[in-house]
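Asks: Pasting the sequence and the predicted model now:
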Amino acid sequence: RGEVLACTLSAVDGAGEASLSVTWKLRVEVWRSVQHTVVADAYSTLCKTQTVQTVCRLLQKNKKYYYKPNHFVSVSSMVYRMKRNGAGLASICILATMVLVMISSTTSLYFGEEDALAIRYPREINIDISTLDTDLEKNGQMDNIISDIKNICKNHDVKGTDAYTYLNGMISGMITDDGKVETDINRIDNFSNIALGDFSSVYSFIFIQVDDYNKIMGTSYTLKDDEAIIYNYRNASRYKNNVISFNRGQSFKIVKETDEFVIDTNAAISVTPSMALIVNDIDNATKGLTYNATTAQKIENTGINFHRYYCFDTGVSPQHQIELSKDIANYLDGNIEKYRADTSSRMFRSSVESKEQNRLDFFSLYGGLFGLGIILSIVFIFAAVLIIYYKQISEGYEDQSRFEIMQKVGMTKNEIRKSINSQLLTVFFLPLIFAGMHLAFAAPIIKKLLLLFNLTNLDLFIVTILISFAAFALFYMIVYKITSSAYYKIVSGAKEG
């Protein structure tokens, strides 16, 4: 839905065509009943055109700068050009921005695919056994499962190096305005007020026992039942409160916020940030979330899942790793009914992921996006070059008569070239400067999109953006050199003709 705010019809004497500019108010409903008001101008040229015209007027007021042969001609020509050719320059700017965004993002993915693969699959073999309770842990069946997996590794002559295993409980929730965590979506009163894409207060909360954390990280922390260490993943801001409380659950005093932990595969593919809470005992920490505090009965459909992770490297060939992962998966699938009978929730699910088995899929996806980015960038570059070349040629013939008059009143070809260089450098590089500004503002959004592909290497992303812009600017300068020479030949040939 929208409404027209303004409509302007303008024409320049001798131009032959009139231009219509329409400004409208657009109302958009997204995900919830909230209206976002966006004011847009046809072709998105009004802001850029008015800005450049304002700068030109300021330069005209600077007499020391304006009343010089090269500056006088270039500034006056720019005012005239921006009135007629703002849409063309804006089109070049948009095409340049599209090229820079596609090249920088897809190149970052392509050269960061090993980093993304390592985040998604921390070890060569990654096993996740999921249940709705900790019954398998309590009755010792989980230890038997891990022991059987180790025996399968021995049959493959695999020792399992850099191995780690730990239990966690994962549940999604939202930190409300009063600082409490609500895990029941039906009880979140202001849930409908979350803007589309605003997940700043929505987390995946992961409970981990401090003993498991100490074994993995080589630390020696001790915690009380009401204390916790937190670790934020994919959230740059630190938790500001000293206490975190779960409605119908426990409250924990935050004694430390750590920056190191091995993130699990589920958090690696989650679009929401994760907060790991290292606690003294996972059953006690999740008691209110899994059992009714009044009746002591187990709550159905709590939303919490318990995961036992067992991850290790093999040191064998890729094909051997794939065969090992298949044997482990067959073992778990073959005993699924047995293990379901040993847990009161009757839920047992497992997944076995091999880094080598998924490497080809990763590289195919990222390589395909990189190739697509190159192809589309070439298309947009050709479109921009054609627009630039057409503008230079058409404007050269338009300016021919004006420069002919200037030559007749005594302006030399050297002065003409200086004036042309000053004019073209200013006008020609405006789209490149604005494209760089657009890329800088788009960088945070691109970074968040790359996080969906498990790319967290910020240094690589920044370097890729800088190199992409430098390479495009170099190509842009080459196009400028070629087209400006054509423009100069047309203009300077007026006197000779």
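Replies: Ah, there it is.
Asks: State whether Val262 is indeed within a strand.
Replies: No. Per DSSP: H, G, I helix; E, B strand; the rest coil, Val262 lies outside any strand segment and is coil.
Asks: And for it, the neighbour number?
Replies: By other C-beta atoms under 10 Å, the residues close to Val262 number 13. C-beta: built from backbone N, CA, C; applies to glycine.
Asks: what does the one 5 residues further on give?
Replies: Using other C-beta under 10 Å, the number of residues around Ala267 comes to 19.
Asks: Quick one: mean pLDDT over the longest strand anywhere in the chain.
Replies: As assigned by DSSP state E, the longest strand anywhere in the chain is strand 161-175. The pLDDT scores in strand 161-175 average 87.
Asks: and it, which strands flank it?
Replies: strand 180-182 (antiparallel), strand 202-209 (antiparallel), strand 305-313 (antiparallel) (DSSP bridges).
Asks: pLDDT of the longest one, averaged?
Replies: Mean pLDDT, computed over strand 305-313, is 91.
Asks: now stretch 327-343
Replies: Rounded mean pLDDT across stretch 327-343 is 85.
Asks: So which bits of that stretch are buried?
Replies: For stretch 327-343, burial by neighbour count (16 or more other C-beta atoms under 10 Å) applies to Asp327, Ile328, Ala329, Tyr331, Leu332, Asn335, Tyr339, Asp342, Thr343.
Asks: Pull stretch 128-147 out as CSV, backbone CA atoms only.
Replies: What follows is stretch 128-147 as a C-alpha-only set of coordinates in CSV (Å, rounded to 0.1, in the frame of the first residue of the first chain):
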residue,chain,number,x,y,z
ASP,A,128,25.3,-36.3,18.1
ILE,A,129,23.0,-38.5,20.2
SER,A,130,19.8,-36.7,21.1
THR,A,131,17.1,-37.5,23.7
LEU,A,132,14.4,-35.6,25.7
ASP,A,133,15.9,-36.6,29.1
THR,A,134,19.1,-37.8,30.7
ASP,A,135,17.9,-41.4,31.4
LEU,A,136,20.5,-42.9,29.2
GLU,A,137,23.2,-41.0,31.1
LYS,A,138,21.8,-42.1,34.5
ASN,A,139,21.4,-45.8,33.7
GLY,A,140,24.9,-46.1,32.1
GLN,A,141,23.6,-46.9,28.6
MET,A,142,25.3,-43.8,27.1
ASP,A,143,28.7,-45.0,28.4
ASN,A,144,28.0,-48.3,26.7
ILE,A,145,27.2,-46.6,23.4
ILE,A,146,30.4,-44.5,23.5
SER,A,147,32.3,-47.7,24.3
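Asks: So what touches stretch 114-124?
Replies: 109, 162-164, 262-263, 265, 268-269, 311-314, 321, 353-356, 358-359, 362, 366, 453-457, 460 (C-beta atoms under 8 Å, 6 or more residues apart in numbering).
Asks: one step back: tell me the one among the buried residues of stretch 327-343 nearest to Gly88.
Replies: Ala329 (59.0 Å; C-beta to C-beta).
Asks: Does anything pack onto whatever helix or strand Tyr331 lives in? Which helices or strands?
Replies: Using DSSP states H and E, Tyr331 sits in helix 318-334. With contacts defined as 3 or more C-beta pairs under 8 Å, 6 or more residues apart in numbering; DSSP states H and E, helix 318-334 has these neighbours: strand 125-131, helix 141-155, strand 349-354, helix 355-408.
Asks: make it 6 Å
Replies: Packing partners of helix 318-334 (3 or more C-beta pairs under 6 Å, 6 or more residues apart in numbering; DSSP states H and E): helix 141-155, strand 349-354, helix 355-408.
Asks: Pick the most deeply packed of these.
Replies: strand 349-354 (a mean of 18; mean count of other C-beta atoms under 10 Å).
Asks: Paired strands for that one, with orientation please.
Replies: strand 125-131 (antiparallel).
Asks: what's the next secondary structure element after the partner strand?
Replies: helix 135-138.
Asks: Report the distance from that following helix to the chain centre.
Replies: 40 Å (C-alpha atoms, centre = their mean, to the nearest Å).
Asks: Now that helix: buried residues?
Replies: Asp135, Leu136, Glu137.
Asks: Could you dump the residues you listed into a markdown table and include pLDDT and distance to His156?
Replies: As requested, these are exported to a markdown table (pLDDT from 0 to 100; distance: C-beta to C-beta, whole Å):
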| residue | pLDDT | distance to His156 |
| --- | --- | --- |
| Asp135 | 84 | 30 |
| Leu136 | 85 | 25 |
| Glu137 | 87 | 26 |
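Asks: What is the nearest of these to Ile145?
Replies: Leu136 (7.5 Å).
Asks: Distance-wise, check the residue nearest to the closest one when sequence neighbours are not counted relative to Asn280.
Replies: Nearest in space to Leu136, with sequence neighbours left out and distances taken as C-beta to C-beta, 6 or more residues apart in numbering, is Met142 at 4.5 Å. As judged by C-beta to C-beta, to the nearest Å, Met142 and Asn280 stand 20 Å apart.
Asks: Over to Gly173?
Replies: 20 Å.
Asks: The two: which is more packed in?
Replies: Set Gly173 next to Asn280 and count neighbours by other C-beta under 10 Å: Gly173 wins out with 24 against 18.
Asks: now the angle from the helix or strand where Tyr480 lies to helix 355-408?
Replies: Element membership for Tyr480, per DSSP H and E: helix 458-496. Computed by axes from the mean of the first three to the mean of the last three C-alpha atoms, to 10 degrees, the angle separating helix 458-496 from helix 355-408 equals 30 degrees.
Asks: packing partners for helix 458-496?
Replies: Going by 3+ C-beta pairs under 6 Å, 6+ apart, helix 458-496 lies up against helix 69-111, helix 355-408, helix 413-451.
Asks: Dump these into CSV; add mean pLDDT and distance to Val255 as well.
Replies: Converted to CSV, the helices and strands packed on helix 458-496 look like this (pLDDT from 0 to 100; distance: least, C-beta to C-beta, whole Å):
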stretch, mean pLDDT, distance to Val255
helix 69-111, 77, 37
helix 355-408, 84, 35
helix 413-451, 80, 29
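Asks: can you redo those helices as JSON lines with distance to Ser201?
Replies: Compiled in JSON lines, these are given as follows (distance: least, C-beta to C-beta, whole Å):
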{"stretch": "helix 69-111", "distance to Ser201": "27"}
{"stretch": "helix 355-408", "distance to Ser201": "31"}
{"stretch": "helix 413-451", "distance to Ser201": "16"}
